[in-house]
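Novice: Sequence below, structure please.
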Amino acid sequence: MLLNEVTPRVFVAATRQNDGKTTTSLGLLAALERRYGRVGYIKPVGQRFVEIDEQKIDEDSVLMNHVFRLNCPLVDMSPIAVEPDFTRRYLQNANLDSLIKRIHKAFDRVAWEKQFVLIEGTGHAGVGSVFDLSNAAVAKLLGSKVVIVSRGGIGLPIDEVAMNRALFEAEGVEVIGVILNKVLPEKLEYITDFARRGLKRKGLELLGVIPHQPILSKPTLDLIREELKAEVLAGAGRIHNIVQRVVIGAMSPANVGKLLQPDTLLICPADREDTLAAAAETSIRDEGRLAGIILSDDIHPTPAARRLVERFNCPVLFSPEDSYTVASTVHDLTVKTRPDDTQKIRLIQDLIARHVNLDRILKAL
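Specialist: Okay, here's the model as predicted:
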């Protein structure tokens, strides 16, 4: 089968997981859509997936389709989802040719009548090597040049970019440049200057430097609800509130109001009705101060506590886990942008438009 070699494309890779590859892809796709009109997206190999119509679809493909309405079957945007036993089955009975054909067919469908296709990798350049479909190998299969996204800094990011670039070059794939993500705003000029110098010595161009935005790494109530499998008792309409701070309600009621800064998540057992009453007063007096409440420790609210729950101007969740476990789960969450995170999505698109040089990327292609 002949691969579409006409439609322009770029492969977005990263030096490691959670460096901002999906964030960058989302912003780039918005910029490309403004430039070209009809754009396509594909994540050939995905590791985090959801089931839709009995098909395993990568979460990032679902996100891109929701935001951009790409008019392409989700199964083509996510042709290979790495299930828990995928690697074992492959090592027992390698079927590389069929996987390659699946990726080729999916790309051709994604690229149909499109003016540009963005290809998103998964993890660093070597991810997928165990089943012969590393990011470097997939970029070669699709005839694409590569942009590498790395964490902000100078020494470590350039070291990691050099290591990843070596694997792409071993496959005959060209890396056209680097985007640094999550750079502290106060160090933006300094990092830009010296990272550009360091990359230039490696024959690479700095294509963008994205300032760190703490809100992008903060979870929503809905993500927390999903992770804890918590029950929504009230306030479902505000379930996408963003949590900036977590407080465990172990203090006296008199001190509750002092700790409930804007966008705070309060974790508190339902039998602490005095604490809940103080928090309710704060919520009513200063609407928006509380991001949400989680009633913990598997203590179901009494009728009096239920009446308090109904007074809150924020979501109230119920979890059987103890307060410490709930707080630890929230702290350890890997925060990914989700389809309903409209505030974050707008911010991401604006960041990429302002801080990544699309013209340089397109010229290099």
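Novice: Without its sequence neighbours, what residue ends up closest to I191?
Specialist: Nearest non-adjacent residue to I191, counting by CB to CB, 6 or more residues apart in numbering: V183, 5.0 Å away. Quick note: C-beta positions are derived from backbone N, CA and C, even for glycine.
Novice: Now do E189: how many residues are near it, please.
Specialist: For E189, the tally of surrounding residues (other CB atoms under 10 Å) stands at 11.
Novice: Let me see the backbone angles for it.
Specialist: phi -70, psi -40 (degrees, to the nearest 10).
Novice: A31 versus that one, what's the distance?
Specialist: 23 Å (CB to CB, to the nearest Å).
Novice: returning to what we had before: if the residue nearest to I191 is in a bridge, with which residues?
Specialist: Counting by DSSP bridges, V183 forms beta bridges with P211.
Novice: again, but for L295
Specialist: Applying DSSP bridges, one finds that L295 bridges with C268, F318.
Novice: For it, grab the count of nearby residues.
Specialist: Counted with other CB under 10 Å, L295 comes out at 29.
Novice: quick one: it and L317 touch, right?
Specialist: Yes. In terms of CB atoms under 8 Å, L295 counts as a neighbour of L317; the distance is 7.0 Å.
Novice: Give the residues shared as contacts by the two.
Specialist: Shared contacts of L295 and L317, defined by CB atoms under 8 Å, 6 or more residues apart in numbering, comprise L233.
Novice: how about D297, what does it touch?
Specialist: Per CB under 8 Å, 6+ apart, neighbours of D297: P269, A270, P320, E321, D322, S323.
Novice: What distance do you get for it to V326?
Specialist: 9 Å.
Novice: now do N181
Specialist: Taken as CB to CB, the span from N181 to V326 is 30 Å.
Novice: K114 now?
Specialist: Applying CB to CB to K114 and V326 gives a distance of 44 Å.
Novice: Would you mind telling me which of these two has more residues around it?
Specialist: Each of K114 and V326 has its neighbours counted (other CB under 10 Å); V326 has more, 26 against 23.
Novice: sec struct for that one, please.
Specialist: Look at V326: counting by DSSP: H, G, I helix; E, B strand; the rest coil, its state is helix.
Novice: How about the one 3 residues further on?
Specialist: Using three-state DSSP, the three-state assignment for T329 comes out as helix.
Novice: That one and E227 touch, don't they?
Specialist: Yes. In this structure, T329 is within contact of E227 by CB under 8 Å, at 5.9 Å.
Novice: Now the residue sitting nearest the centre point of the chain. Its backbone dihedrals?
Specialist: Nearest residue to the geometric centre of the chain (CA atoms, centre = their mean): K336, 3.1 Å. Note on K336: backbone dihedrals following degrees, to the nearest 10 are phi -110, psi 150.
Novice: Tell me where this structure is predicted with low confidence.
Specialist: Counting by pLDDT under 70, the ranges of the chain that qualify are 1, 282-288.
Novice: I179: helix or strand, and which one exactly?
Specialist: strand 175-183 (DSSP states H and E).
Novice: any idea how far that strand is from the chain center?
Specialist: 16 Å (CA atoms, centre = their mean, to the nearest Å).
Novice: ok, residues contacting it?
Specialist: Outside strand 175-183, the residues that reach it (CB under 8 Å, 6+ apart) are 10, 19-20, 23-24, 145-153, 157, 161, 164-165, 168-169, 191-192, 195, 199, 204-212, 356, 360-361, 364-365.
Novice: What remains of those if I keep only buried residues?
Specialist: 10, 19-20, 23-24, 145-153, 157, 161, 164-165, 168, 191-192, 195, 199, 204-212, 356, 361 (16 or more other CB atoms under 10 Å).
Novice: how close does L259 get to I248?
Specialist: 10 Å.
Novice: pretty sure D274 is touching A254, no?
Specialist: No. Look at D274 against A254 with CB under 8 Å: they stay out of range, at 9.6 Å.
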